[in-house]
Structure formats: C-alpha cells, structure tokens
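Colleague: sequence first, then the predicted structure:
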Amino acid sequence: MKKHLVAALSFLCLSVACSSGTAPSSDDQSEVSVFTLAFASCANQYEPQAVWTEIAKTQPDVFLFIGDNVYADIYMVDGKRKKNPAQSKERFEEAYALANAIPEFAAFRKQVPLMLGTWDDHDYGANDAGKEFPLKKESQEAFLDFFEFAEDDPIRQQAGIYHSRMLEDAGNRIQIIVLDTRYHRDPLNMNPQGRPQNKGPYLPVTDKSKTILGLEQWAWLEQELLKPADVRFIVSSIQFVAYEHSWEGWGIFPHERERMYRLIGETKANGVVFLSGDRHLMEISKDSGELGSEVPYPIWDFTSSDITRQFTPVNEGNTFRQGSVVRDTNFGEVNVEWADALLQSKIILTARDREGGILNQQKIQLSELQH
C-alpha cells in the first residue's frame, strides 16, 4: 500500500483548480498526485465517537457524512433511551446539537476543508421512512442548518436534500453527486411471511410507477451525469449493488436500480463509483452483470456503516462482495491516484477499523470504468 502524504486543500467548484497532495509510489518512488476522500455513516449521538481521531489522520480533502448522521428518533427519557419517530423540529435540532458537542467530531469538523452529506432514515426522522413522513420539511431545514448551507442557497427551496459538487484536482474533475433516497421514496413492500432466516423483511416492489428518487430528482440526476467529469462518486445512503439481504436498498425497487444502470449508459457517464451506508457493516461490492443486470461497465459500491458499532458476525450472502465483510466500527477512505495518462489512474477503496487498520482494500483502474 502506498503511504499517502496528502495536504489539506481548499476547494472552489470549477472556478479554481485545487493544488493536489502527493504520495511517493512504492513501485518507482516517483511523486503521485492524490485526492483523498473519507466517509462514514450511522453515528449515534449518545455513543462515544473516538474514531473521528482516526478519520482525521487520513487528512481527507472531502468528508462525506452519508446517513444516520444523528438518530433523531432516539430520545432520553428519565435516563433511558426511547425510540419513536421525531415529532418536532426541535427534536432534530437537539440531536444535531449533541453531535456537534462531541469533542472528537468538533475537532475533525474544524480540520476538514469540505464536508458534505445526505441523510438516511434515522436522521430523516423515522426508521425506514419515505415520502409519507410528516415532518420531512422540518427535517430538511435542520439538516441544511447542520451542513451550513447558506440561507439563500436554492436547496432550501427544493423538495429534498439532493445536491452535487464539481471539484478540480491536479487538472482533473471529480464530481460528487449526493442523492436523497428518503424524501420522495414510495412505501416498501413488507414480506407477509415475516423475516426469513438471515434475511430482511422486504420483498421487491413490482409496481414500476413506484420510485426511490422521484421525477424531479431523476431529471436532475440526468443533467448531472451529462456534465464532463473524470471520476464520479454517487452518494446513496442505502446500498446500490448488494440486494440479496432483503433489507432496504436499491434492489427493493429493482426497476429503479435498472433505471440507474440505463441512465449511466445513456449519458455515457464514465468513472462512476457508489458510496453507501445504512447496513451497520462494511463491505465492497462489484456488479459485473453476475445476476443479469445490463451494467454499462463494472459498478462498484463501497459500503461503510456505523462508527459506534461493536463486533457481531455477519450471516448474509452477497454475490457481488469483494473481499471481507465486517460488522464493527468502521469508516471508508477513498484515494484517487492520478497518472499522467488519465485512464491509468487508480481509485483505491480502503475500509478502516476503529484504530485505522485496514479491513478491506480494493483497487480499481480508471480504464475499467469507461464505456
């Protein structure tokens, strides 16, 4: 593994090129320009979060907080934790205030040049909730305040928190597309037989009019994918590739998952990698069409979930899994090592444990992610 010596950067979208960090190559000791991104999800504000110190050591240029950033549906009542859907805007504000008061997170937030995020169900306000959640507007306002969006930012007039950034690094473009898988999502299809062994409680939605993103977000996403970029990270709070577990994920809406593949193909969007959370585990998945999907090229999905988890075994299959799967405290690190010949650049996915040790690492040649 190359040792990355990445300096913290300041980014301006498109208008200003960013100076890049460098890393010595273990092969020839030459200098390699490196862009570093870190991400995490599932951060219960009532639990210790010492792992932020390890995340800080990666010195990311960007940090992505990709869902369940707080648990607004967990309350303290008479010293005991209770779980119920959030019932007021004040509940969201209280949860975010507790998160900001965590010393390790507060220190990390001051360090990182850029922090972006999306929500999942618990910071949205209720377990597995979708468009039916009654306080979604109040939840959105509290979310945007936490991520410090300007008062006049157009996202505050938008239904949902989807947004994107285009960053320039070492003369190359990195696009970060942040999806909202909650605000417009139609209801899930519960399994009337209950939960099978080592499976979740949901069956695939067969009504193709039902959606995860909603019409406006799909139209927005198409325009985003048409923009020129060399590497694209699509942030989805729920897993995109893996679905055999029958928990929440894009596979519960199979027509929406296939629509995403078609859209990536139709827009000829190269360099796509998905980043996901939600599952309280770490795994890296790659869909090369093993189960029949018409993929535009191999699609990777790096899942990093739960920075407050204690170890438990994982007993579920995943045809697409690459390397190990671990249910324990973890976070994700992504490095883009730029090469003089662009398509020889590498995207390195590294899952790290609570002490910064490597749980899983996969390397992708950018040339593999091309139409």
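Modeller: Perfect, I can see it now.

Colleague: how near is the nearest residue to Ala50 once chain neighbours are set aside to Gln361?
Modeller: The shortest distance from Ala50 to any non-neighbouring residue, by Cβ to Cβ, 6 or more residues apart in numbering, is to Glu104 (5.8 Å). Placement of C-beta: from N, CA and C, glycine included. Distance of Glu104 to Gln361, computed by Cβ to Cβ, to the nearest Å: 24 Å.

Colleague: just Pro187 next, same as before
Modeller: When Pro187 is compared with Gln361 (using Cβ to Cβ), they lie 38 Å apart.

Colleague: of those two, who's got more company?
Modeller: Gln361 (16 against 12; other Cβ atoms under 10 Å).

Colleague: Trp52 contacts Ala99, correct?
Modeller: No: Trp52 is beyond contact range of Ala99, at 10.8 Å (criterion: Cβ atoms under 8 Å).

Colleague: list residues touching both of these two?
Modeller: Common contact partners of Trp52 and Ala99 (Cβ atoms under 8 Å, 6 or more residues apart in numbering): Phe105.

Colleague: ranges for the strands of the stretch 151-300 of the chain?
Modeller: 163-169, 172-178, 189-190, 202-203, 231-236, 272-276, 282-287, 299-304 (DSSP state E, counting those that start in this stretch).

Colleague: so where's the chain shaky on pLDDT?
Modeller: Where the chain drops to pLDDT under 70, the residues are 1-30.

Colleague: show me where it has helices.
Modeller: 52-57, 89-100, 103-111, 121-124, 136-146, 215-225, 254-266 (DSSP state H).

Colleague: follow-up on the earlier one: give me the neighbour count for the residue nearest to Ala50.
Modeller: The tally of other residues near Glu104 (other Cβ under 10 Å) stands at 16.

Colleague: Arg259 now?
Modeller: By other Cβ under 10 Å, 18 other residues sit near Arg259.

Colleague: go on, Lys227?
Modeller: The number of residues packed near Lys227 is 15, by other Cβ under 10 Å.

Colleague: and the nearest residue to Phe92 once chain neighbours are set aside, what is it in contact with?
Modeller: Excluding the flanking residues, the one nearest Phe92 by Cβ to Cβ, 6+ apart is Ala142, at 3.5 Å. Ala142 makes contacts with 89, 92-93, 96, as judged by Cβ under 8 Å, 6+ apart.

Colleague: between those residues, which has the most around it?
Modeller: Counting neighbours by other Cβ under 10 Å, Phe92 comes out on top of the contacts of Ala142 with 24 neighbours.

Colleague: surely that one and Ser139 touch.
Modeller: Yes: Phe92 is within contact range of Ser139, at 5.7 Å (criterion: Cβ under 8 Å).
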